[in-house]
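Q: What shape does this take:
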Amino acid sequence: MIRDLDHLVLTVADIEATCAFYCGGLGMERIMFAADRTALAFGSQKINLHQVDRTFEPKAEAPTPGSADLCFRVDDLDAAMAHLDRRGLTIIDGPVRRTGAIGPLRRTGAIGPLRSIYLRDPDGNLIELSEPLASDIVAQSTSANAHGSGTDAD
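A: Presented below is the predicted three-dimensional model:
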């Protein structure tokens, strides 16, 4: 029945700060639609932004900034980490040069094993950047096994 994800909505405290993070930090494109609405475009998806004090109907039951946990796939995690470093963005878990750093984490995503790092956006949403592990990528299928919910991923 479900084919893919068209868009999701993030409720944010400040649309400008959110756009600065996702566009400048993660390379997404800010787009405007429906005269005064803002979205972040990447690939064939988009994230619609609702400012917490100016949401649109219909909306989530309790729209709250900072309540999301999102995972974005990247082609080259090392290049992504270098880009984040140049932008001054802090990796909170993964290969950072700080006491207690544990290196890129191994997780299981929708298409198989991933190598991941984590950071937070201006609202405190958890952002995971993941690189599929080439030798372990599982071909997508409609079987339940292809979309198993490994115990190590959110």
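Q: Is residue 50 in a helix, a strand, or coil?
A: Using DSSP: H, G, I helix; E, B strand; the rest coil, the structure places residue 50 in strand.
Q: ok, how many other residues are close to it?
A: Neighbour count for residue 50, taken as other Cβ atoms under 10 Å: 19. Using the backbone N, CA and C atoms, a C-beta is placed for each residue, glycine as well.
Q: does it have beta-bridge partners, and which?
A: Beta-bridge partners for residue 50, by DSSP bridges, are residue 11.
Q: now do residue 69
A: Bridge pairing for residue 69 - DSSP bridges - gives residue 126.
Q: gap between residue 27 and residue 43?
A: Distance of residue 27 to residue 43, computed by Cβ to Cβ, to the nearest Å: 11 Å.
Q: Could you do residue 87 as well?
A: Residue 87 sits 20 Å away from residue 43, taking Cβ to Cβ as the criterion.
Q: where's stretch 44-62 relative to the chain centroid, distance-wise?
A: Relative to its parent chain, stretch 44-62 has a centroid offset of 16 Å by Cα atoms, centre = their mean, to the nearest Å.
Q: who's in contact with that stretch?
A: 5-15, 18-19, 22, 28, 31, 37-40, 63-65 (Cβ atoms under 8 Å, 6 or more residues apart in numbering).
Q: how about 6 Å then?
A: Residues outside stretch 44-62 that contact it (Cβ atoms under 6 Å, 6 or more residues apart in numbering): 7-13, 15, 18, 38-40, 63, 65.
Q: measure that stretch end to end?
A: 27 Å (Cα to Cα, to the nearest Å).
Q: do the same with stretch 19-29
A: 8 Å.
Q: buried ones in it?
A: 19, 21, 22, 25, 26, 28 (16 or more other Cβ atoms under 10 Å).
Q: Surely the last one and residue 42 touch.
A: Okay, so that is residue 28. Yes: Residue 28 is within contact range of residue 42, at 4.6 Å (criterion: Cβ atoms under 6 Å).
Q: And the helices in the protein?
A: 15-19, 77-86 (DSSP state H).
Q: Show the pLDDT at the closest residue to residue 89 other than its chain neighbours.
A: Distances taken as Cβ to Cβ, 6 or more residues apart in numbering place residue 25 nearest to residue 89, at 5.1 Å, with adjacent residues excluded. According to the prediction, residue 25 has pLDDT 95.
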